[in-house]
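> give me the fold of what follows.
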Amino acid sequence: MTSLFEASEQINRRQAQPLAARMRPRTLAEFAGQQHFLGEGKLLRRLLQADRLGSVVFYGPPGSGKTTLARLLASESRSTFRQLSAVTSGVKDLREVLNEARDRLSTSGQKTLLFIDEIHRFNKAQQDVLLPDVEEGIVVLVGATTENPFFTINSALVSRSRVFQFQPLSSEEVKLLLRRALADKDRGLGNYDVRIGDDALEYLAEVSDGDARRALSALEIGVLSSGESPIEFTRQLAAESVQRKALEYDRSGDSHYDSISALIKSVRGSDPDAALYWLARMLEAGEDVRFLARRIVILASEDVGNADPAALPLAVAAAHACELVGLPECQLTLAQAVTYLACAPKSNAATVGIGEARRDVREGRLLPVPVHLRDRHYAGAKRLGHGEDYQYAHDHPDGIAAQDYLGVEREYYRPVQRGFEADLARRLEEIRARLREAKPSHQTLEE
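Prediction:
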């Protein structure tokens with residue numbers, strides 16, 4: 001039975017909580033988002049209904065509901081909820097919780113759901129401590145991480161867990177949570193006379209980037225700082241209430257690799273607008289300019305190639321300019337380079353060609369250098385016949401000497417019909433026709 005003092009303390013603690021904490025869903029029905037694995041008929045929902053919930057890893061951005069869902073899973077599965085933070089907890093704390101869970105299971109049969117926030121911050125030894133109890137079912141482990149678990153969590157632990165990737169909440173889902181908070185008189189802001197327009201709601205939903213905590217915090221700041229009654233919650237008030245979000249970006253983590261992947265694929269896909277956004281995202285996060293410049297140089301050869309031969313010297317010039325002027329001015333140079341590459345005709349023919357040639361070499365298809373192409377600039381070369389019958393290309397009217405340069409019939413370079421490479425393709429067709437005159441056997445590399 002709760003005493004008057006305890007009840008008063010609970011009320012005081014709840015009033016001190018921020019809106020986002022007070023509005024945490026109490027049931028799965030109230031939980032917003034993640035319907036791709038939590039909706040009716042989806043995997044996590046089926047596991048709960050069948051009482052077969054095992055250890056899981058929740059992977060996704062802040063504010064997407066990882067901690068909240070862990071608490072709800074404990075409630076739904078009638079398990080005792082225990083929480084640790086990998087930032088502040090050590091092996092001693094971990095062993096205490098595991099021993100407690102073992103005793104509880106032995107004496108009462110009740111399971112323990114152990115939620116470990118930022119589990120990727122546990123080192124390998126700490127993660128290994130969990131393995132025996134996870135395997136034996138002593139605890140149901142729910143690990144939360146913002147980093148890709150396949151890179152940051154012990155592979156043995158990941159293999160024993162189901163990984164669920166959380167997505168940022170949609171704009172409509174965020175607006176649903178905001179309206180719910182405005183209407184709730186017990187936990188939310190329902191006791192305030194708030195008049196909010198659709199444009200203000202839309203603004204809060206958009207700038208929150210799918211982070212429910214951020215949207216609710218901005219709503220609370222706007223309401224409590226207004227000092228009016230009724231409160232006219234306009235778009236301007238919404239903008240004033242939103243704090244600039246710190247970019248989630250780690251130069252050695254997912255944000256780094258995902259962002260550069262998006263930039264490369266946007267350029268390859270010929271979308272200069274998307275390319276500029278991902279470039280801006282990386283610059284704002286403090287990405288190394290030299291890294292960006294190097295990737296742009298690689299892009300020029302890998303994805304544009306001979307479809308636009310001007311792309312590579314432009315990219316190299318951009319890299320040199322970045323070294324010369326630095327930030328903030330070199331952002332203009334990088335923007336010029338990525339928009340040029342995005343709009344340029346594309347060819348990966350050179351990329352494919354060198355890949356196939358290297359694969360042939362690696363797989364042991366090693367060809368002897370034809371005798372007539374061998375070095376003859378040393379004493380004794382003539383006696384070996386090296387260089388004999390070699391034809392000097394510049395002695396021919398069209399600059400093409402019809403002789404065998406490889407020893408077998410093999411085509412690695414296949415120009416595309418785009419940009420300048422289309423002209424190269426026509427010329428190469430004529431060149432190869434001449435060269436075939438010197439290969440009477442037409443032997444292939446596979447033979």
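
> and the nearest residue to Val371 once chain neighbours are set aside, how close does it get to Tyr392?
Spatial nearest neighbour of Val371, chain neighbours left out: Gly385 (5.6 Å); criterion: CB to CB, 6 or more residues apart in numbering. C-beta coordinates here come from the backbone N, C-alpha and C atoms, glycine included. To Tyr392, Gly385 is 18 Å away according to CB to CB, to the nearest Å.

> between the two, which one's more packed in?
More neighbours surround Gly385 than the other of Gly385 and Tyr392, with 12 against 7 (other CB atoms under 10 Å).

> residue nearest the centroid of the protein?
For the chain, Asp258 is the residue whose C-alpha lies nearest the centre (CA atoms, centre = their mean; 3.1 Å).

> export the host helix or strand of that one as CSV, just CAs?
Assessed by DSSP states H and E, Asp258 sits inside helix 254-268. Provided in CSV are the C-alpha atoms of helix 254-268 (Å, rounded to 0.1, in the frame of the first residue of the first chain):
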residue,chain,number,x,y,z
ASP,A,254,27.6,4.2,-39.8
SER,A,255,26.9,7.9,-40.4
HIS,A,256,30.2,8.3,-42.2
TYR,A,257,29.9,5.3,-44.4
ASP,A,258,26.2,5.7,-45.1
SER,A,259,26.5,9.4,-46.0
ILE,A,260,29.5,8.9,-48.4
SER,A,261,27.6,5.9,-49.9
ALA,A,262,24.6,8.2,-50.5
LEU,A,263,26.8,10.9,-52.1
ILE,A,264,28.5,8.4,-54.4
LYS,A,265,25.2,6.8,-55.5
SER,A,266,23.6,10.2,-56.0
VAL,A,267,26.4,11.2,-58.4
ARG,A,268,26.3,7.9,-60.1
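
> what about that helix, average pLDDT?
When pLDDT is averaged over helix 254-268, the result is 85.

> got the buried residues for it?
By neighbour count on 16 or more other CB atoms under 10 Å, the buried set for helix 254-268 is 254-256, 259-260, 262-264, 266-268.

> pull the following helix or strand past it out as CSV, backbone CA atoms only.
Using DSSP H and E, the next helix or strand after helix 254-268 towards the C-terminus is helix 272-284. Presented in CSV, the C-alpha positions along helix 272-284 are these (Å, rounded to 0.1, in the frame of the first residue of the first chain):
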residue,chain,number,x,y,z
PRO,A,272,23.0,16.8,-58.5
ASP,A,273,20.4,17.9,-56.0
ALA,A,274,20.7,14.8,-53.8
ALA,A,275,24.5,14.9,-54.3
LEU,A,276,24.6,18.5,-52.9
TYR,A,277,22.5,17.6,-49.9
TRP,A,278,24.7,14.6,-48.9
LEU,A,279,27.8,16.8,-49.5
ALA,A,280,26.3,19.5,-47.3
ARG,A,281,25.4,16.9,-44.6
MET,A,282,29.0,15.7,-44.4
LEU,A,283,30.5,19.2,-44.5
GLU,A,284,28.1,20.3,-41.7
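
> so helix 272-284 versus helix 254-268, what angle?
150 degrees (axes from the mean of the first three to the mean of the last three CA atoms, to 10 degrees).

> which residues of the stretch 201-350 of the chain score low on pLDDT?
Low-confidence regions of the stretch 201-350 of the chain, defined by pLDDT under 70, span residues 243-254.

> show me where it has its helices.
Applying DSSP state H, counting those that start in this stretch to the stretch 201-350 of the chain gives helices spanning 212-224, 235-241, 254-268, 272-284, 289-299, 311-325, 330-343, 349-362.

> now do the buried residues in the first one.
Within helix 212-224, the residues that qualify as buried are 212-223, counting by 16+ other CB under 10 Å.

> and if you look at the fifth one?
Buried residues in helix 289-299, counting neighbours by 16+ other CB under 10 Å, are found at 289, 292-293, 295-297, 299.

> for that helix, packing partners?
helix 254-268, helix 272-284, helix 311-325, helix 330-343 (3 or more CB pairs under 8 Å, 6 or more residues apart in numbering; DSSP states H and E).

> with respect to burial, which of those helices scores highest?
helix 330-343 (a mean of 20; mean count of other CB atoms under 10 Å).

> name the helices or strands packed onto that helix?
helix 254-268, helix 272-284, helix 289-299, helix 311-325.

> can you show me the helices along the stretch 1-150 of the chain?
So, for the stretch 1-150 of the chain - with DSSP H, counting those that start in this stretch - the helices run 4-16, 19-22, 35-38, 43-49, 66-76, 91-108, 124-136, 149-152.
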